[in-house]
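Novice: could you look at this predicted model? Sequence included:
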Amino acid sequence: RMFARACGYLAKTDRLDARFLALLAESLRPPADTPPSPHVEALQELVNARSAAKCDITALQNRSKTATTALLRGELNRLVRRLEQHVERLDKEIERCVGEDPQLCRKAEILTSIPGIGRVTALALMAGMDELGSCSGKQAAMLAGLAPIANDSGARTGRRSIRAGRPAPRRALYMAALSARRYNPALARFADTLKAAGKPAKVILVAIMRKLLVLANCLLAHDRIWTPNPP
């Protein structure tokens, strides 16, 4: 719609939409995307279902804590147990799906070798960012919404901030960064350097998230397990 308005067309019809989609594609000429494999598509569906179920469990648990009626608390707790069983079944199916594909197995092995990235985070990255290992570090950061966006005009240098990107991998990396801040020696030193420079805690955490993502992308691109002393 913004492209159509820039061309001076405010009206919206199916015919106009089709025309300006074609004109936009002709102008940008985006490269063709390779469709994900059936195993990746299945993994994406299962991981998204697991994430939704975990959100439902959290919501029900919060309602149960504030419920004053014994009957309602019992019903909510039963729903929680049922969803927890659902998550267990999804976990088994996810592991079966990964185990059937050698490429997914290798990706999981590489990602979980990085201190701070556990199995859940690795699966979230595999499902939410299939491009990892085939793009640059900057592209990966943009896809996850972890690249600082410039906000400059003339002599003014605005404050850079992150925005947009894919929320699921970013949420997973947030939890991974909390762990890496404590258990990944290199990232712990990196965080201490930023803290000494006066950077806010959230800025430090986002920087760790970006470092983890770039590292994961690099290791996947070179098909290499993480080691304390890089070659």
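Specialist: Looks like it came in fine.
Novice: ok, the closest residue to L76 other than its chain neighbours - how many residues close by?
Specialist: Distance criterion CB to CB, 6 or more residues apart in numbering; nearest residue to L76, sequence neighbours excluded, is S64 at 4.1 Å. Every residue, glycine included, has its C-beta placed from N, CA and C. S64 has 16 neighbours, counted by other CB atoms under 10 Å.
Novice: now do the SS call for S64.
Specialist: helix (DSSP: H, G, I helix; E, B strand; the rest coil).
Novice: any idea how far A124 is from it?
Specialist: For S64, the distance to A124 (CB to CB, to the nearest Å) stands at 26 Å.
Novice: can you check G74 too?
Specialist: 33 Å.
Novice: settle it for me: which of these two has more neighbours?
Specialist: Neighbours per residue, other CB under 10 Å: of G74 and A124, the larger number sits with A124, 26 against 12.
Novice: and the residue nearest to L83 when sequence neighbours are not counted, what does it touch?
Specialist: Sequence neighbours aside, I57 is the residue nearest to L83 in space, at 4.9 Å (criterion: CB to CB, 6+ apart). Residues near I57 by CB atoms under 8 Å, 6 or more residues apart in numbering: 80, 83-84, 87.
Novice: of those, grab the buried ones for PyMOL.
Specialist: The PyMOL selection below is limited to those of the contacts of I57 classed as buried (16 or more other CB atoms under 10 Å):
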select buried, resi 80+83+87
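Novice: can you list which of the contacts of I57 are found in helices?
Specialist: 80, 83-84, 87 (DSSP state H).
Novice: got any ranges where this structure has weak pLDDT?
Specialist: Applying pLDDT under 70 to the chain picks out residues 149-152, 156, 158-163, 230-231.
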